[in-house]
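Enquirer: Fold the following and give me the result.
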Amino acid sequence: MFISNNYKRSHQLQYFILAILIVIAIVTIIIAIYTRSKRVTDPWAHRVNDVGIIHKSADVPSVKFPFKNLYDDKSNKINIILLSAPFRNKEDDDYYKDWKKRGLYFCGISSYREFPQHISNEFEDKYHEREKHCYLKLVDAWLHCFRDPARFLIDCPEYSTPDPTNKPKTHIPNMLMTEADLKNPDDYKYDPNQKKEYDFIYVCLKDSDTCPDDGWQASARNWALAKKCLVIMCRDFKLKGILIGRQNCKITEFCNNMMTMTDLLPYHEFQNKLKSAKFIFCPNIQDASPRVLVEAMLYNMPILVNSDIIGGFHNVIPNVTGEFFNSENNVTEPLRKIVTAVNNGGGTYKPREWYVNNRGRKHSGKALAEFLIKNYPNINNKTMEYAYV
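Expert: Next comes the predicted model:
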């Protein structure tokens, strides 16, 4: 009996020890799975070198607005992230801080209204005003689009007085360079025999279905000035136009049966409409180099542009790529020049040829690569021929 009890207790002890070992094994497996999962889901794990710098292109995240990726001549991501617009929320703040901590570099680019300064559009998101970010201090260099950089490239609001010498009052390197300067002309196939359905095209997206005279888009695309100019274009020149982005708009009786209005179109459908016009009309002021202007140029369309536009002015070469105006009182003559030319073989206007010879990745992209290599010692490609966005 005594032996039987001892035997039973011995087996119970063995079972108890076995149970403990099984629990330990299970816990170990769970910890291993969790650790592996964390490594897999964290794209940054073990990806920075000993000094905390990300070098491999594959380790650079694919980012979204207001951030943008930079690419080298082999379409590999560069370890520099562009900041193109104000932060919209705390998530943007957190992304910036996390990426900075993990070894990425940052460069500003003026791709959004007056950014990096105060956005004047009254309908703009107010997060950037509440947080009072000083964006020029968050980056190591800046690509700007401004004719008067001293007005916009200022470190913080307390330095908001423009410099009379027109030199940017900032501590970081900067250059005139826009996203639109980096287009690849080969992506836009120009057909000199393209059928033209419209004399001009104007892009102004809607703020609502009622086509109000105010709103974010109306302000950005200068809808107020556009309507005044459309009277002249329809009444005096009898031009047939297409308005992309808004419908049911009351413009002027002179444009009755002269204007086609469409809602926002899919990209390829929009491109077809764009190249079916003879020239593009751009009354915008609060715009940082609209990419649609360059797209029109690559289809060899002259551009009629507001001379007060924030960015993109440097691609308007009178008698070559297009003409300037800034009110309904001085639009007639530049309009006449363009209309006469496009109705007679193009005249002196050769916007595509000019862009190919002066912009694009071969020229602007090369200048951008040199700028980045010079100002970012730890850039992950120091031999690239060009860079682009």
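Enquirer: how far away is residue 251 from residue 83?
Expert: 38 Å (Cβ to Cβ, to the nearest Å). C-beta coordinates here come from the backbone N, C-alpha and C atoms, glycine included.
Enquirer: Comparing these two, which residue is more hemmed in?
Expert: residue 83 (25 against 20; other Cβ atoms under 10 Å).
Enquirer: what's the pLDDT at the more buried one?
Expert: For residue 83, the pLDDT comes out at 97.
Enquirer: List the buried residues for stretch 136-156?
Expert: The neighbour-count check on stretch 136-156 (16 or more other Cβ atoms under 10 Å) flags 136, 139, 141-147, 149-155 as buried.
Enquirer: next one: stretch 257-274
Expert: Quick answer for stretch 257-274 (16+ other Cβ under 10 Å): 258, 259, 261, 270, 271, 273, 274.
Enquirer: pretty sure the fourth one contacts residue 245?
Expert: Read it as residue 270. No: contact between residue 270 and residue 245 fails when scored by Cβ atoms under 8 Å: they sit 9.5 Å apart.
Enquirer: follow-up on the earlier one: among the buried residues of stretch 136-156, give me the pair with the biggest separation.
Expert: Spanning the widest gap among these are 139 and 147, at 21.4 Å by Cβ to Cβ.
Enquirer: Under the pLDDT cut-off, which ranges of the protein? List them.
Expert: Low-confidence segments of the chain, defined by pLDDT under 70: 1-13, 31-54, 121, 156-169.
Enquirer: ok, which stretches of it are strands?
Expert: In the chain, the strands defined using DSSP state E lie at 67-72, 77-83, 105-109, 142-144, 174-176, 198-203, 241-244, 259-262, 277-282, 303-306, 322-325, 387-388.
Enquirer: Of the ones you listed, which is nearest residue 128?
Expert: Across those, residue 128 has its closest neighbour in strand 77-83 (11.8 Å, Cβ to Cβ).
Enquirer: Could you chop the chain up by domain?
Expert: In the assignment given by automatic domain parsing, the structural domains of the chain cover 57-182+362-388, 185-357.
Enquirer: May I have the distance across the last one, first residue to last?
Expert: This points to domain 185-357. Domain 185-357 has its terminal residues 10 Å apart, counting by Cα to Cα, to the nearest Å.
Enquirer: Skipping its backbone neighbours, what lies nearest residue 96 in space?
Expert: Distances taken as Cβ to Cβ, 6 or more residues apart in numbering put residue 138 closest to residue 96, at 6.7 Å, once the chain neighbours are dropped.
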